[in-house]
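What follows is a predicted protein model with its sequence.
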Amino acid sequence: MDTVMEEVSANLRCLLVALQGGQVLLPNSFVLEVLPFATPLRIEAAPHWVVGAMLWRNLTTPLISLGRLIFRVTPEADLNSRIIILNTLGTDTKLPYFGILGTAAPRPLNLTRQDIKLDPEVSAEDLRRPGALCWARYQDQPIIIPDLDAIEAVLQPLVRRA
């Protein structure tokens, strides 16, 4: 029985999200819904990586481009784009969710700790990029673990003004 419990606790259900410029890995429990792309409303004085906001569950929900924030690319909406709605980590009632822009539907993964390795090839400059908590590799492909706390800290004042 203990071996089964150890095996269960060692597995992590995740979603691999393709972005313009790379891929991010998110715990499955953070993702609420995947929607087709819809043009967001503009948010005044928002950082360049905040694409805009949309109305979701009767709340103004910010939409961000991790591709623009982490990989420094310009987001381009196309028919394959998806909006991935995430739960936030905090308890701010004005910001219970936000969306990220992906280039396709996320791919579900069932990972173990051994499946993910730190990326030894990442430069010191890249390690300091905003929005990236960790640079790793999965099946020899680079992935990012996003810094959701830092992202939420920037989004909170934006939704308070709305």
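The structure has been received and is ready for your questions. Just so you know, these numbers come straight off a predicted model, no measurement behind them.

And stretch 128-135, end to end?
Taking CA to CA, to the nearest Å, stretch 128-135 runs 10 Å from one end to the other.

I should have written stretch 58-74 there, sorry.
Across stretch 58-74, the terminal residues are separated by 28 Å (CA to CA).

Could you list the buried residues of the longest strand anywhere in the chain?
Longest strand in the chain by number of residues, with DSSP state E as the criterion: strand 11-19. By 16 or more other CB atoms under 10 Å, the buried positions in strand 11-19 come out as 12, 14, 15, 16, 17, 18, 19. All C-beta spots, glycine's among them, are computed from the backbone N, C-alpha and C.

And stretch 51-69, by the same measure?
Residues of stretch 51-69 classed as buried: 51-54, 56, 60-69 (neighbour count, 16+ other CB under 10 Å).

do the same with stretch 19-35
Going by 16+ other CB under 10 Å, stretch 19-35 has these buried residues: 19, 20, 21, 22, 23, 24, 25, 26, 30, 31, 34.

Assign the fifth one to helix, strand or coil.
I take that to be residue 23. Under DSSP: H, G, I helix; E, B strand; the rest coil, residue 23 falls in the strand class.

Now do the contacts for it.
For residue 23, the contacting residues are 16, 17, 141, 142, 143, 144, by CB atoms under 8 Å, 6 or more residues apart in numbering.

cool, the fourth one as well?
Taking CB under 8 Å, 6+ apart, we find residue 22 in contact with 67, 70, 71, 142, 143, 144.

So what sits opposite it in the bridge?
Bridge pairing for residue 22 (DSSP bridges) gives the partners residue 19.

Check what pLDDT it gets.
pLDDT for residue 22: 92.

Next one: it from residue 70, what distance?
Counting by CB to CB, to the nearest Å, the separation of residue 22 from residue 70 is 7 Å.
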